[in-house]
Each structure stands twice: as structure tokens, then as C-alpha cells.
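> Output the structure for:
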Amino acid sequence: MSLPTPTLQTERLLLRPFTDADADDLFTLQSNAGVLRYWDSPPWTDRSRVARFMNGCRQMADEGSGARVAITRKSDGAFLGWCTFNGWNPDFRSASLGYCLSEAAWGRGYATEAARVLLHWAFGSLDLNRVQSETDTRNVASARVLEKLGFVREGTLREDCIVNGDVSDSWVYGLLRRDWAG
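Residues are numbered from 1 along each chain as shown. Sure, this is the predicted structure:
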């Protein structure tokens with residue numbers, strides 16, 4: 001069962017399926033060590049990763065396991081990053097949420113705004129009961145985004161990731177349908 005990638009809008013943002021025109025901006029984002037400081041994989045060094053990412057977006061939609069959207073600013077069309085809703089399990093009525101934004105977009109509320117509209121779509125379209133998200137315990141800004149959205153910190157995964165020899169813990173957050181304010 002496929003799950004068409006939605007096109008969503010907020011006052012400031014357009015969330016849409018990725019296109020080939022996003023390739024350079026995507027590579028710039030994913031190759032930035034500052035952006036990926038708390039990520040569970042190292043920055044990209046090989047441009048072939050763009051094609052794999054784009055294929056993964058299409059595969060996710062074709063398999064019906066989720067949706068990954070590009071985030072652009074409506075005022076000027078600038079590529080800001082991406083937001084993903086993945087791991088959709090219709091039997092458990094659950095899924096995961098993730099996002100990655102450029103440094104220029106940090107601290108402006110874009111991550112919260114994009115995730116909120118994607119969650120609104122997911123809760124409204126897919127009969128979800130639970131959405132989960134994880135963040136590195138050192139990434140306080142990402143934790144704040146999740147908490148603004150109504151997620152509750154449920155636990156810590158100790159030494160969950162090792163990237164470039166750096167061992168880190170992750171916080172697990174959950175958002176239940178009954179707690180979703182929309």
C-alpha cells in the first residue's frame with residue numbers, strides 16, 4: 001500500500017516532496033558537520049548519498065511506511081531542511097518523527113512549525129495512536145522542539161550511538177493521540 005508524500009503549508013513554510021532540484025541543497029545540509037553534530041551518522045562526503053536519500057524517499061512512499069518532505073520558506077523558496085514521518089505501523093498505529101534543518105534556520109521556530117503540520121497530517125490521515133522521536137541528550141534545542149509539540153520524555157537509551165568514536169546517549173520521546181493538541 002503506497003502512502004503519497006503530502007504537500008503541506010503553514011504561514012511561513014511549504015513542505016513538499018523532494019525533487020531533483022533539491023540535490024545541491026540536500027548535499028550541503030547533510031555534509032555540514034555542525035548540522036550533524038548530534039546525528040547518528042557522520043556528514044556526507046560522497047555525492048552519491050543524495051541519490052540514495054532520494055530513492056529512500058520514493059521507496060518510503062511506495063511501501064507506505066512513511067513520508068519525508070523538503071522544508072522550504074514560502075517567502076523566498078529557500079531550502080531549510082527536511083522533516084520525516086517514518087516507520088508507520090498500521091497494526092500498532094505508531095510511527096516515528098525526525099527532522100534536520102540548516103544552521104541558518106535554527107532558533108526561528110521552523111522545526112516546530114514543520115513538525116506540527118506534518119504531525120497534524122499524520123494524526124488526521126493515518127489513525128495514529130503514538131508517535132515516537134529520539135534525540136541525542138546533548139541536543140537541548142531538539143528536545144525543546146519535541147516538548148513544544150507535546151512530546152513527553154519517556155527514557156534514556158544509554159550509549160545508544162557511536163559516531164566517529166563519540167559515544168552518546170539518546171532521549172526517547174513519545175506523543176499519544178490523547179495528548180496531541182494539534
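> ok now do the residue lying closest to Ser75 once chain neighbours are set aside, which residues does it touch?
In space, and not counting its chain neighbours, Ser75 is closest to Arg12: 7.2 Å by CB to CB, 6 or more residues apart in numbering. The way it works is simple: take the backbone N, C-alpha and C, and place the C-beta from them, glycine included. Residues near Arg12 by CB atoms under 8 Å, 6 or more residues apart in numbering: Arg73, Lys74, Ser75, Tyr110, Glu113.
> Likewise for Trp106?
Contact analysis of Trp106 by CB under 8 Å, 6+ apart lists Ala141.
> quick one: it from Leu149, how far?
The gap separating Trp106 from Leu149 is 17 Å, by CB to CB, to the nearest Å.
> Which helix or which strand is home to Leu175?
Here Leu175 sits within strand 166-176, counting by DSSP states H and E.
> For that strand, list the C-alpha coordinates in CSV.
The C-alpha trace of strand 166-176 is given here as CSV (Å, rounded to 0.1, in the frame of the first residue of the first chain):
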residue,chain,number,x,y,z
ASP,A,166,32.0,9.6,20.1
VAL,A,167,29.7,7.7,22.4
SER,A,168,26.3,9.3,23.2
ASP,A,169,23.0,8.7,24.9
SER,A,170,19.6,9.4,23.4
TRP,A,171,16.4,10.5,24.9
VAL,A,172,13.2,8.8,23.8
TYR,A,173,10.1,11.0,23.5
GLY,A,174,6.5,9.9,22.9
LEU,A,175,3.4,11.7,21.8
LEU,A,176,0.0,10.0,22.2
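> so what strands line up beside that strand?
If you go by DSSP bridges, strand 166-176 pairs up with strand 130-136 (antiparallel), strand 152-163 (antiparallel).
> tell me the mean pLDDT over it?
What strand 166-176 shows for mean pLDDT is 95.
> Helices of the chain, start to end?
With DSSP state H as the criterion, the chain has helices at 23-30, 48-63, 110-126, 140-148.
> Can you tell me which of the strands paired with strand 166-176 is packed in deepest?
Greatest average neighbour count among the strands paired with strand 166-176 goes to strand 130-136 (a mean of 21), per mean count of other CB atoms under 10 Å.
> Quick check: mean pLDDT of it?
The predicted model gives strand 130-136 an average pLDDT of 96.
> chain center to it: distance?
Here strand 130-136 is found 10 Å from its chain centre; the criterion is CA atoms, centre = their mean, to the nearest Å.
> Not counting its own residues, what contacts that strand?
Strand 130-136 is contacted by residues 38-39, 85, 92-98, 119, 122-123, 142-143, 146, 151, 157, 160-161, 168-177 when judged by CB under 8 Å, 6+ apart.
> Go ahead and build a ChimeraX selection from the buried members of those.
ChimeraX command restricting the contacts of strand 130-136 to the buried ones, with burial defined by 16 or more other CB atoms under 10 Å:
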select :38,39,85,94,95,96,97,98,119,122,123,142,143,146,151,160,161,168,170,171,172,173,174,175
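> Cool, thanks, signing off.
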